[in-house]
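**Student:** Can you look at this prediction? I've put the sequence above it.
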Amino acid sequence: MSKVSLIGEEYDVDMSIIKMEQVASHLIGLLRHNKISRSELAQKLGWSKGRVTKVLSGDVNLTIKTITTITQKLGYDFEVVFHNKNYEKPKQPWQIDREKAIPTPLLKSRNIEALNVVFQIESGEQVVESVLAGKEKDLYLSISQLDKNHHPSSISVAQQMTLDNKSINITYLNHNMKVAYHE
Amino acid sequence: MIDPYFFRLEQIGFPKNLHSIVLPENIKVYMLSSSCKKNDVFLYRDRAEFALSSARDDADVIRLFTQLVSKLEQCLIINEIFDFYDSKELHRAHTTKIDGKDISVYRIRKASIRLYLVCIGDVMILFRLAPKRRDKIDDSEKMIIDERVKAIFQYPIESHDFLVRLL
């Protein structure tokens, strides 16, 4: 039994019930990652849907054999990885993939504080990813090659950005990017 | 009328020797409270009401929240949580009418415990914890749910009035 502080109270709890829930939730995460429904898993394993539901409910003390059967069928291996607050929590494949997909700002420029806004340069692909992730910004400022057909509201950046302009502060976030530093 | 305040789910606490709850940046889950004091979070108060009646309920509450947090940690957007539960575990349980508009109230079921919630855009608000004693929601339970849902919708999410009440 361990002391668990939850919802304003402290309880003596068998920690295995917590681990049972976490393991089951991660198995569901693996199914989602592989775009496989519970019914399809049941079919693949030759189990009834009820058995799959029970296994994924978190109510069952799953055996290593059961976890191995499911993960192998989905094309994965697993390890028992130990960690605590001194060691980073291991990440699941879908969390790793997601982190790769999160757009990294190429360049960030904070304007004078009175405006309380942050400018961030992102590629079109990064903008689409942000929108799909529900993290779209309030406004978008686009940068493109100057051509004859530009919109009347377009501003020629080259003409506006001069070394004498003290209000611009550009910070490197991507070290490989060659950007002039103005302050 | 309830004067609503909201606490972030991360404040619920977690086993001391486990990693703290770390929800993805865009997963916003709040708990309704009737004041700025943590003890007035409705889930706490509901919990206190049935805490002594059953030791089994204690374990089930912990299992319910562990399960929810474990699933939320894996979501990219809040609506994905519906993929993690099957329809028996998480479903629409009630509809509250506010200014002629229907608000869906969802319920997560774990053993004999029920957790009620509403989703507003990319925000999930947890507001009622109850042991299941009957199959159907009775009238007094409906009143409790309706009163709390109306409190949740008192201020638009992301409005100044809402944000100053988010603790």
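**Tutor:** Perfect, I can see it now. Residues are numbered from 1 along each chain as shown, chains lettered A, B, ... in the order given.

**Student:** What pLDDT is listed against A:Arg110?
**Tutor:** Per-residue pLDDT puts A:Arg110 at 47.

**Student:** right, I mislabeled it, should have said A:Ser154
**Tutor:** Predicted confidence (pLDDT) at A:Ser154: the value is 58.

**Student:** what does A:Leu115 give?
**Tutor:** The per-residue pLDDT reported for A:Leu115 equals 55.

**Student:** Next: A:Ser144.
**Tutor:** A:Ser144 is assigned a pLDDT of 66 by the prediction.

**Student:** Walk me through the domains of chain A.
**Tutor:** A:7-99, A:102-172 (automatic domain parsing).

**Student:** Go through those and find the least confident stretch.
**Tutor:** Ranked by mean pLDDT, the domains of chain A end with domain A:102-172 at the bottom, a mean of 61.

**Student:** So in chain B, which helix runs the longest?
**Tutor:** helix B:55-72 (DSSP state H).

**Student:** Just the buried positions in the very next helix or strand once past that helix, please.
**Tutor:** Using DSSP states H and E, the helix or strand that directly follows helix B:55-72 along the chain is helix B:81-84. Of the residues in helix B:81-84, those scored as buried under the neighbour-count criterion (16 or more other Cβ atoms under 10 Å in any protein chain shown) are B:81, B:83-84. Placement of C-beta: from N, CA and C, glycine included.

**Student:** Please apply the same query to stretch A:122-139.
**Tutor:** Neighbour-count burial for stretch A:122-139, with 16+ other Cβ under 10 Å as criterion, is recorded at A:122, A:126, A:130, A:133.

**Student:** Which ones among these map onto helices?
**Tutor:** Using DSSP H, the members of the buried residues of stretch A:122-139 that fall in helices are A:126, A:130.

**Student:** hmm, which two among the buried residues of stretch A:122-139 are most spread apart?
**Tutor:** Farthest apart among the buried residues of stretch A:122-139 by Cβ to Cβ are A:Glu122 and A:Ala133. That separation is 12.4 Å.

**Student:** ok, now which ones touch the residue nearest in space to the middle of chain B?
**Tutor:** The centroid of chain B falls nearest to B:Leu126 when counting by Cα atoms, centre = their mean (1.5 Å). If you count contacts by Cβ atoms under 8 Å, 6 or more residues apart in numbering or on different chains, B:Leu126 has them with B:9, B:29-32, B:43, B:115-117.

**Student:** quick one, strands of chain B?
**Tutor:** Using DSSP state E, the strands found in chain B span residues B:5-8, B:28-33, B:90-98, B:101-110, B:113-120, B:123-131.

**Student:** tell me the contacts of residue 81?
**Tutor:** Unless you meant another one, I'm taking chain A. When contacts are counted by Cβ under 8 Å, 6+ apart, A:Val81 touches A:Pro90.

**Student:** actually chain B
**Tutor:** B:68, B:71-72, B:75, B:90, B:124.

**Student:** wait, which of these is closest to A:Tyr76?
**Tutor:** Distance to A:Tyr76 across the contacts of B:Ile81 (Cβ to Cβ) is lowest for B:Lys71, with 18.8 Å.

**Student:** quick revisit: give me the subset of the contacts of B:Ile81 that also touch chain A.
**Tutor:** Of the entries in the contacts of B:Ile81, the ones placed beside chain A under the rule of Cβ under 8 Å from any Cβ of the partner chain are B:Lys71.

**Student:** In CSV, list the contacts of B:Ile81 along with pLDDT and neighbour count.
**Tutor:** Converted to CSV, these look like this (pLDDT from 0 to 100; neighbours: other Cβ atoms under 10 Å in any protein chain shown):
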residue, pLDDT, neighbour count
B:Leu68, 90, 25
B:Lys71, 90, 24
B:Leu72, 88, 20
B:Cys75, 86, 22
B:Leu90, 92, 20
B:Met124, 92, 22
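
**Student:** pretty sure A:Thr71 is touching A:Glu79, no?
**Tutor:** No - distance between A:Thr71 and A:Glu79: 10.6 Å, which falls outside the contact criterion (Cβ atoms under 8 Å).

**Student:** quick one: which of these two has more around it?
**Tutor:** Taking other Cβ atoms under 10 Å in any protein chain shown, A:Thr71 and A:Glu79 do not tie; A:Thr71 has more neighbours (14 against 6).

**Student:** Which residue comes closest to the closest residue to chain B within chain A once chain neighbours are left out?
**Tutor:** Ranking the residues of chain A by distance to chain B (Cβ to the nearest Cβ) places A:Ser25 first, at 3.8 Å. Ranked by Cβ to Cβ, 6 or more residues apart in numbering or on different chains and with sequence neighbours excluded, the top spatial neighbour of A:Ser25 is B:Ser70, at 3.8 Å.
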